[in-house]
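>>> give the three-dimensional model of this entry:
(2 chains)
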Protein chains: 2
Amino acid sequence: MNAPLKPVQGAGDLETAMRVLGRQAREAARALALAAPAQKNRALAAMAKAIRAARSEILAANAEDVAEAKSAGANSAFLDRLTLSSAAVEAMAAGIEVIRKLKDPVGSIMAAWRRPNGMRIERVRVPLGVVGVIYESRPNVTADAGALCLKAGNAVILRGGSESFRSSRAIHAALAAGAVEAGLPAAAIALVPTRDRAAVGLMLSGLDGAIDVLVPRGGKSLVDRVQTESRVPVFAHLEGVCHVYVDRKAKLPMAKAIVLNAKMRRTGVCGAAETLLIDRVGAAKLLKPLIGMLIDAGCEIRGDQSVQAADHRVKPASDADWSTEYLDAIITAGVVDGVDGAIAHIERYGSHHTDAIVTDDKKTAEKFLREVDSAIVLHNASTQFADGGEFGFGAEIGIATGRLHARGPVGVEQLTSFKYRIRGSGQTRP
Amino acid sequence: MNAPLKPVQGAGDLETAMRVLGRQAREAARALALAAPAQKNRALAAMAKAIRAARSEILAANAEDVAEAKSAGANSAFLDRLTLSSAAVEAMAAGIEVIRKLKDPVGSIMAAWRRPNGMRIERVRVPLGVVGVIYESRPNVTADAGALCLKAGNAVILRGGSESFRSSRAIHAALAAGAVEAGLPAAAIALVPTRDRAAVGLMLSGLDGAIDVLVPRGGKSLVDRVQTESRVPVFAHLEGVCHVYVDRKAKLPMAKAIVLNAKMRRTGVCGAAETLLIDRVGAAKLLKPLIGMLIDAGCEIRGDQSVQAADHRVKPASDADWSTEYLDAIITAGVVDGVDGAIAHIERYGSHHTDAIVTDDKKTAEKFLREVDSAIVLHNASTQFADGGEFGFGAEIGIATGRLHARGPVGVEQLTSFKYRIRGSGQTRP
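Residues are numbered from 1 along each chain as shown, chains lettered A, B, ... in the order given. The predicted structure follows:
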């Protein structure tokens, strides 16, 4: 199987090669924008089939990547993320099938109205254009991001981690072959054809306006770099310092279930709770059992003085702890003065990602939902629902905390733009 | 009347002063985001009243600006835009009343659905945050932009042209007084308190993340600079190279009315037609009368060979003419091969702003509406409808040709973001 894009010959050519990649993606975006839903779905079906057919090539390429990373001394968490199995290849193909079955957003009418002069105005969804995805060495992102962008009618330029280059190239070859089989241009799904890290900087420049939006997928340092240096808009979140606030009117069993799930279900996801806030009124009832439960579940607690007083196993919280995303079995815990104290705390220390309140008081809940300025706010539900799949989006390319265009889980709809379509009968403007 | 923000003392302080302005605006944005619709409307009423009450101060300040500009040798078009009259002051106040009466977008539910686990998810409009508006010496933008941003719950930082500084300051003082009268922070509407042009560069940096979006209002060089240098997203259009395509199936009287209106109603607006494309099949019937009509109306025609052959008064079009925004009584005209030729021409030379087709063939019209990738596409209506007021938005801060967040007329809804509000009953994620 040959990658449809020629590899770059010599480092001096990189800038030119990336520009060509950008121009090709821009042209492919035009073809994709006009492709019928059925054609895009045929491409996605062919892509899933091609991934399955290329299983041994993908696993062989991945084995080379893993061997190289091992000999370079990569740690076990890194190797875990890098290593593919037969089941992982099948999961990629199945993921593409899920995306294929999503409703096609392009062409859907978001709003329509008639003007007094008889003109009918429609706001209709169109693709965004060209999406650049910069990710670390998780080869499956190649398939996920490629398929999701194609479903939304966008061309995509993928730039995976250098350590997973061979794996990404093998996966990408299958994706591009699927696109071509359905009559779409290979450049609809482009992979940066080099491990040269300078390619990332060129993508951040936007490639002469060829890239409409960038999506970084990976750790904080990658996201931080993309957000800081990018010349084009970015859909991302830097971190998820998510809070659970347990109000005086919370029922203890529900509070325990939500706090335990929000912190401990998976500690490494961006929707995991990092701070527990407890209402001062009600702390006598709530504090000891919640803290005890978390410690018994293997969670380290870093608390303020009230929390330290509740359980001798609590460590003191430092100033930095209140704004730390642990992504681990650690939580900062403190007592606040009611819902107002909780809101003030979250606005000061939070990251505007996902925050929850547990209470049986509807008015208090509404105040929290209204005043906490985060992409996702929840009442009586776990912060770990911060996920496109859990929203019913079918798939997501990430979660955004920016306020422009996309916010919260970025699914296929958030990967579109719109235009106005006006139908008249000869109207002229007075 | 005193401006509520202290003027900057000494140029060395500019960066610090601008940072303070940004922080104050960010804090004010929080207050505005939580302000009830009635409070914002009270503020807008008070602002309109204060503008009327300050009429003589505003006109006196404006007279000083005009005198200075005159002695600096400003041309008459510039002085026209700069000069305010009693009627212009009244129009500003009336414009604020119009904005006051618009539907408040904040808090409206854009979508709502229930998940299988019983959680109810709502997507609800919230303000964008802080909008920066950079404009040239049209003092009325101070009132228009300030009021529109406030209605959408955003704080705004206004930076008007240096030549209109005194006028803008007088208008701004009235606006801020109105906000304060309704209990909103004066910093909700901030004016950069200096004529120092370095302030623009600082706004383009985003003021340490204090500015969420920038809106340039003015000529091409201003917009170009903002789009090129801004570190934050920009809502703008660089130019409007708008086309009217007259198809073989167009009725001549409708084509004449639309072409005349699109070009000549007002030649200086961004929705004015700059290029006329005529179907080769049908040119024998259409070309002569359309070209003759435009010339008789005082329009200069720069045409391709077919158009030159139709009327001896047509000048030859240069390559550059096809992508020129004249903003004047000049049009480039050419013959194309049907709707496919028109679409290809528009994609090549257009600016993705506003383009129209005139035809009685529904299928041809639908093809044009679907395939022309512009913010606004029209069938059998004039391109001069490219205006928020004509869309029924009540007011607009400009027209955007970008694909992210806002596209087309940017009204009060496009000046908002959204968040997800989830109501559960104890759900945890499996």
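>>> need the helices for the stretch 151-300 of chain A, in chain order.
For the stretch 151-300 of chain A, the helices defined by DSSP state H, counting those that start in this stretch cover A:165-181, A:198-204, A:220-229, A:252-264, A:283-296.
>>> buried sites along the second one?
Put plainly, it is helix A:198-204. For helix A:198-204, a neighbour-count test (16 or more other CB atoms under 10 Å in any protein chain shown) marks A:Ala199, A:Val200, A:Leu202, A:Met203, A:Leu204 as buried. No exception for glycine: its C-beta is placed from N, CA and C like everyone else's.
>>> same question for the longest one.
By neighbour count, with 16+ other CB under 10 Å as the criterion, the buried positions of helix A:165-181 are A:165-180.
>>> from the buried residues of helix A:198-204, which is closest to B:Val412?
Using CB to CB, A:Leu204 comes nearest to B:Val412 of the buried residues of helix A:198-204, at 33.0 Å.
>>> isn't the closest one up against A:Val226?
Yes. At 6.6 Å, A:Leu204 counts as touching A:Val226 under the criterion of CB atoms under 8 Å.
>>> list residues touching both of those two?
Residues within reach of A:Leu204 and of A:Val226 at once, by CB atoms under 8 Å, 6 or more residues apart in numbering or on different chains, are A:Leu214.
>>> what's the helix or strand for A:Ile99?
helix A:86-101 (DSSP states H and E).
>>> name the helices or strands packed onto that helix?
helix A:37-53, helix A:55-71, helix A:140-151 (3 or more CB pairs under 8 Å, 6 or more residues apart in numbering or on different chains; DSSP states H and E).
>>> go through those and name the closest to A:Val131.
Nearest of the helices and strands packed on helix A:86-101 to A:Val131, taken as CB to CB: helix A:140-151 at 4.9 Å.
>>> what's the angle between the closest one and helix A:165-181?
Calculated by axes from the mean of the first three to the mean of the last three CA atoms, to 10 degrees, helix A:140-151 forms an angle of 20 degrees with helix A:165-181.
>>> other SSEs contacting helix A:140-151?
helix A:37-53, helix A:86-101, strand A:130-135, strand A:155-159, helix A:165-181, strand A:189-191, strand A:213-217.
>>> repeat the analysis, applying 6 Å as the threshold.
helix A:86-101, strand A:130-135, strand A:155-159, helix A:165-181 (3 or more CB pairs under 6 Å, 6 or more residues apart in numbering or on different chains; DSSP states H and E).
>>> report the angle between it and helix A:37-53.
160 degrees.
>>> so how far is helix A:140-151 from its chain's centroid?
Distance of helix A:140-151 from its chain centroid, counting by CA atoms, centre = their mean, to the nearest Å, is 12 Å.
>>> around chain B, which positions in the stretch 301-430 of chain A sit nearby?
Contacts of the stretch 301-430 of chain A with chain B, taken as CB under 6 Å from any CB of the partner chain, map to A:369, A:375-382, A:384-385, A:403-405, A:407-408, A:417, A:419-429.
>>> now, which of those residues lie within strands?
Of these, the ones assigned to strands by DSSP state E are A:376-381, A:408, A:417, A:419-427.
>>> ChimeraX command for the buried members of these?
Of these, the buried ones can be selected in ChimeraX as follows, counting by 16+ other CB under 10 Å:
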select /A:376,377,378,379,380,381,408,417,419,420,421,422,423,424,426,427
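>>> quick one: contacts for A:Gly129?
A:Ala29, A:Asp212, B:Arg403 (CB atoms under 6 Å, 6 or more residues apart in numbering or on different chains).
>>> so what does the first one have for phi and psi?
Recorded main-chain torsions at A:Ala29 are phi -60, psi -40, according to degrees, to the nearest 10.
>>> grab the nearest non-local neighbour of it.
Sequence neighbours aside, A:Ala155 is the residue nearest to A:Ala29 in space, at 3.9 Å (criterion: CB to CB, 6 or more residues apart in numbering or on different chains).
>>> and that neighbour, what's its pLDDT?
pLDDT, A:Ala155: 98.
>>> try A:Gly218
Listed pLDDT for A:Gly218 reads 89.
>>> my read is that A:Cys310 contacts A:Ile291, right?
Check again: residue A:310 is Ala, not Cys. Yes. The pair A:Ala310 / A:Ile291 is scored as a contact, 5.5 Å apart, by CB atoms under 6 Å.
>>> circling back: and the residue nearest to A:Ala29, how many neighbours?
Residues lying near A:Ala155 (other CB atoms under 10 Å in any protein chain shown) number 33.
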